[in-house]
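Undergrad: The following block contains a protein sequence and its predicted model.
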Amino acid sequence: MSTATEAALARLGEVVGAAHLLAEPAQLSEYEVDGLRPAAAAGPGSLDELAELVRFAAREKLAVLPVGARTKLRLGAPPRRYDLAIDLTRLNRVLAYDPADLTLSVEAGMPIAQLQHILAGQRQFLPLDPPFTADATLGGILATNSTGPLRHAYGTARDFVLGMEFVTGHAARTKSGGRVVKNVAGYDLHKLMIGALGTLGIITSVNFKTFPLPRATATFIAFFGHADEALALRRRIAQSPLQPRAVEMIDPRAARILAPERRRLSATGWSVVVAVGGNERVVERHAADLSRIMQEEHATSFVALLGEEEAALWERIREFPRLAMEFSPAATILKMTAPPTQFPSLLDHARRVTEQYDLAWAAIIRAAGVVYLALVPPARDDSTLRRLAQASTELIHAGTTPTGRVIIEWCPLELKRDVNVWGPARDDLVLMQKLKRAFDPECIFSPGRFWGGI
């Protein structure tokens, strides 16, 4: 960082106030991303302050990363440059909430746990259940399109975000969508922001459709000796009239990571975990039908969970990436998206590759079309990292098909230096590059972190 740039950054205190500008190395260590530390972190308290920060960064050609609770900063490729962190945690207000209309408008710095508590007071919720839920903010969840088990029934955020306001690289405050469910005017530009890792703009506020909390819930677990038996149950449930909230298939090592002291998940076979919700009659109907289907599919046993035990299990399933990283010092978590019909071949290939490179692995299959494969070696030495790089590369290239995709969501920094976490370039890369130039002509937002080095 040049002396001129450092002097320019010091002037940021005039925009946000000296109390909301951090420049000491010890303070900035919390904002570090893949070994890069910014020269300053500024926390705007209004949209005008945020726009002025972006205008300043564009004028000075400073690379900017928007941040919240910093739970997702390890996602994506390493940034090419990183001069200024814009901390959005002061933008944390509920702007409008109409429980009767099931609509909500809230600023991006709001913690999801705090917002769910507010909604629960009206017997409502948002079906956002990503890892690190205890700390994550809405902006970070949306920027990474982070999802959890509830994706099965409710889809991703793109399915229930009604509108959004964001600041572009021109420092322009831009709105897309609206606040009501029936608003369909204009382009859904906000959907471009979801999952873009802050490379197109900085999300400032979001309009959501909210959902009623189910009056009753229950979780049913069936146990099988082999993956193909667990997948057969998934298929039967998908073909039935049942509408569970979540369906997860968990292999033995993932079960040990999730519940080392609990015996509700099988440590020797596959567990199929099904969450249901609704009124009491709906739950009873699911219980009866699932019991029959699980018996017909020759489950070795079947249990039902309620109350705190049920909630505790789903919390740990949701936190699988965090728990895997605590379990292994070199945990590498690949996200594989594919039609469910391809699950058997994905698992077979993963088994061959991990055996070839002598790597322990754990898997959670999300019935809607996602496999989380965690490579969990016990060490992080050079030999292990080389084998991780080779195995990950093979898995990414084999899983990249016209109907599927494999990326690395979480991994050691050393691995990012040898492996492209996004995999081969997408067919729409040229279009993505055009969008980048349109929204961020000076390339100041999160440069290099997204697909194709965008």
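TA: Sure thing, it's come through.

Undergrad: Could you check how many residues crowd around residue 307?
TA: When counting by other Cβ atoms under 10 Å, one arrives at 9 neighbours for residue 307. All C-beta spots, glycine's among them, are computed from the backbone N, C-alpha and C.

Undergrad: What's the separation between it and residue 215?
TA: 14 Å (Cβ to Cβ, to the nearest Å).

Undergrad: hang on, residue 354 packs against residue 375?
TA: Yes - look at residue 354 against residue 375 with Cβ atoms under 8 Å: they come within range, at 6.8 Å.

Undergrad: after the helix or strand harbouring residue 348, next one along is what?
TA: Element membership of residue 348, judged by DSSP states H and E, is helix 343-356. Scanning forward in sequence from helix 343-356, with DSSP H and E defining helices and strands, the next element found is strand 361-366.

Undergrad: other SSEs contacting that next one?
TA: helix 227-239, strand 246-250, helix 252-258, helix 343-356, strand 370-375 (3 or more Cβ pairs under 8 Å, 6 or more residues apart in numbering; DSSP states H and E).

Undergrad: List the neighbours of that strand that are in contact with it.
TA: 149, 151-152, 230-231, 234, 247-251, 253-254, 256-257, 317, 320, 324, 343, 347, 350, 354, 371-376 (Cβ atoms under 8 Å, 6 or more residues apart in numbering).

Undergrad: and that strand, average pLDDT?
TA: Average pLDDT, strand 361-366: 98.

Undergrad: Then stretch 167-184?
TA: Averaging pLDDT residue by residue across stretch 167-184 gives 84.

Undergrad: quick one: the helices in the stretch 1-150 of the chain?
TA: Using DSSP state H, counting those that start in this stretch, the helices of the stretch 1-150 of the chain run over 3-10, 13-16, 25-28, 47-60, 112-120, 138-144.

Undergrad: what packs against the fifth one?
TA: Packing contacts for helix 112-120, counted by 3+ Cβ pairs under 8 Å, 6+ apart, involve strand 94-98, helix 138-144.

Undergrad: let's go with 7 Å and repeat that
TA: Using 3 or more Cβ pairs under 7 Å, 6 or more residues apart in numbering; DSSP states H and E, the elements in contact with helix 112-120 are helix 138-144.

Undergrad: returning to what we had before: got the helices and strands packed on strand 361-366 as TSV, with mean neighbour count columns?
TA: Formatted as TSV, these follow (neighbours: other Cβ atoms under 10 Å):
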stretch	mean neighbour count
helix 227-239	18
strand 246-250	25
helix 252-258	22
helix 343-356	16
strand 370-375	23
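
Undergrad: Now tabulate the ones you listed in JSON lines and tack on mean pLDDT and distance to residue 364.
TA: Shown next, in JSON lines, are the helices and strands packed on strand 361-366 (pLDDT from 0 to 100; distance: least, Cβ to Cβ, whole Å):
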{"stretch": "helix 227-239", "mean pLDDT": "97", "distance to residue 364": "11"}
{"stretch": "strand 246-250", "mean pLDDT": "98", "distance to residue 364": "5"}
{"stretch": "helix 252-258", "mean pLDDT": "96", "distance to residue 364": "5"}
{"stretch": "helix 343-356", "mean pLDDT": "96", "distance to residue 364": "12"}
{"stretch": "strand 370-375", "mean pLDDT": "98", "distance to residue 364": "5"}
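
Undergrad: domains of the protein?
TA: As recorded under automatic domain parsing, the domains making up the chain are 3-89+441-453, 94-212, 216-318, 324-416.

Undergrad: about what we covered before: right, so of the helices and strands packed on strand 361-366, which gets closest to residue 122?
TA: In terms of Cβ to Cβ, the element of the helices and strands packed on strand 361-366 nearest to residue 122 is strand 246-250, at 22.8 Å.
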